[in-house]
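>>> From the sequence below, what's the structure:
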Amino acid sequence: MQLVIRQPDDWHVHLRDGAMLEAVVGATARQFARAIVMPNLVPAVTTVAMGRAYRERILTALPAASGFTPLMTAYLTDDIDENEIERGFVEGVFTACKMYPAHATTNAAYGVTDVRHIAGVLARMERIGMPLLLHGEVTDQHVDIFDREAAFIERTLRQLLRDFPALKVVFEHITTLDAVQFVESGGPNLAATITPHHLMVNRNAMFEGGIRPHQYCLPVAKREHHRLALRKAATSGNPQFFLGTDSAPHEIGAKESACGCAGIYNAPVALECYATVFEEEGALAHLQAFASESGPRFYGLALNEGKIMLERTSFEVPLSLPAAGTQIVPFHAGASMRWRFMGPVNSA
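Sure, this is the predicted structure:
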């Protein structure tokens, strides 16, 4: 069985930098025409010059003849310059801004401590039509880690949307029924991305026979009923939900340590995972909308003209992949996948 769809885009990916960027960018570029690239480098991407320079490093690292387009984002801080943000958007350097609550995830130490600190920036973004991308979790240590997304909705997101009703907001990598229902009840300016791993595993995956650090990400996977709600939303055809892998590579030593890093590297099998989920849910007819149409329409971008093919044939996912002088463990390492990305379809 073969499935041909419009070439998709990834609306949330971590490409890192330096040698790691060179090792992982090809896995994203071979499948996706465009990708929203996260800005949580060290130092974070906070200026137009930094965004432009990072984009150039990505383009330089791409395989020869790649047509991949990185869409850059700015990292919001409490004291970010709203004029710099607008200039980056107007000049076509920044597609969106990313808000990490301070200390929410990898390299988020300089994130926003209180949304009120960036009210001026958000008002400017609302006026110019620049999307806000949210890592939607509170970071209070007394809030259970499995409740932090739901708490963010109640404490922060409801009020943010009331204060800035025309602001385009993407609630990234949602993990709960609470988030699904909140997005569904929102208007056309609210959307959400859903990752392959949150569609395929629940929180038990981190504890099967011991600690499984390569299944640890932020936001963490939740209970099974949350996973089922995500699958229903992703495969529903609702244009408020679209593809965002949150693929986040870490070298093996950074995962298998006393304080392992959060992040799942799913880029090598991303489309295979989504195809599997949509087939299991009897919704392959909706895969193209989720992967290739709803995202660009929300961002106001043209749909991709090219086509890609997936084939229903099994292949084994490697146990690890070489990267930057070390190894990365991919999502589903050692498992057999029943769909395989076959590449672009020749339109001639």
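
>>> for the stretch 201-348 of the chain, what are the low-confidence residue spans?
Low-confidence segments of the stretch 201-348 of the chain, defined by pLDDT under 70: 347-348.

>>> Which strand or helix spans the residue nearest to P322 when sequence neighbours are not counted?
What sits nearest to P322 in space, not counting adjacent residues and going by Cβ to Cβ, 6 or more residues apart in numbering, is A23, at 7.2 Å. C-betas here are computed from N, CA, C, even on glycine. Counting by DSSP states H and E, the element that carries A23 is helix 18-29.

>>> Name the residues of that helix that are buried.
20-29 (16 or more other Cβ atoms under 10 Å).

>>> Quick one: name whatever helix or strand follows it.
Reading on from helix 18-29 to the C-terminus, the next helix or strand found by DSSP H and E is strand 34-37.

>>> Restricting to C-alpha, output that next one in CSV.
Coordinates of each C-alpha in strand 34-37 appear next as CSV, following Å, rounded to 0.1, in the frame of the first residue of the first chain:
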residue,chain,number,x,y,z
ARG,A,34,9.6,23.9,6.1
ALA,A,35,10.0,23.9,9.8
ILE,A,36,9.5,26.3,12.7
VAL,A,37,12.9,26.2,14.4
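
>>> Need the contact partners of the helix or strand containing L228.
Element membership for L228 (DSSP H and E) is helix 224-234. Identification of contacts with helix 224-234 by Cβ atoms under 8 Å, 6 or more residues apart in numbering yields 174-177, 180-181, 183-184, 192, 194, 198-202, 204, 221, 241, 277-278, 281, 290.

>>> strands paired with the very next helix or strand once past it, and their directions?
Using DSSP H and E, the helix or strand that follows helix 224-234 in sequence is strand 241-243. Strand pairing for strand 241-243, determined by DSSP bridges: strand 190-194 (parallel).

>>> distance between the strand it pairs with and the chain's centre?
Centroid separation between strand 190-194 and its chain, computed with Cα atoms, centre = their mean, to the nearest Å, is 10 Å.

>>> go on, stretch 44-56?
Chain-centre distance of stretch 44-56: 19 Å, with Cα atoms, centre = their mean.

>>> got the buried residues for that stretch?
Going by neighbour count (16+ other Cβ under 10 Å), the buried part of stretch 44-56 is 44-48, 50-52, 54-55.

>>> Next: stretch 178-191.
Using 16+ other Cβ under 10 Å as the test for burial, stretch 178-191 gives 178-180, 182-183, 186, 189-191.

>>> ok, residues contacting stretch 74-93?
Here stretch 74-93 has contacts from 39-40, 44-48, 51-52, 55, 72, 94-100, 110-114, 117-118, 120-121, 124-125, 128, 130, using Cβ under 8 Å, 6+ apart.

>>> Identify those among those that sit within helices.
Among the contacts of stretch 74-93, the members falling in helices are 48, 51-52, 55, 120-121, 124-125, 128 (criterion: DSSP state H).

>>> Show me which pair in those is furthest apart.
By the measure Cβ to Cβ, R55 and G120 form the most distant pair in the ones in helices among the contacts of stretch 74-93, at 25.9 Å.

>>> and the helix or strand harbouring E184, how far out from the chain's middle?
In the assignment (DSSP H and E), E184 maps to helix 177-185. Distance, stretch centre to chain centre, for helix 177-185: 18 Å (Cα atoms, centre = their mean).

>>> Repeat that for stretch 223-232.
18 Å.

>>> ok so, going back, which of the contacts of helix 224-234 count as buried?
Those of the contacts of helix 224-234 that meet the buried threshold are 174-177, 180, 183, 192, 194, 198-202, 221, 241, 277-278, 281, 290, by 16+ other Cβ under 10 Å.

>>> just the ones in helices among the contacts of stretch 74-93 now: which is nearest G237?
For the ones in helices among the contacts of stretch 74-93, the nearest to G237 is M125 (28.7 Å; Cβ to Cβ).

>>> Good, wrapping up.
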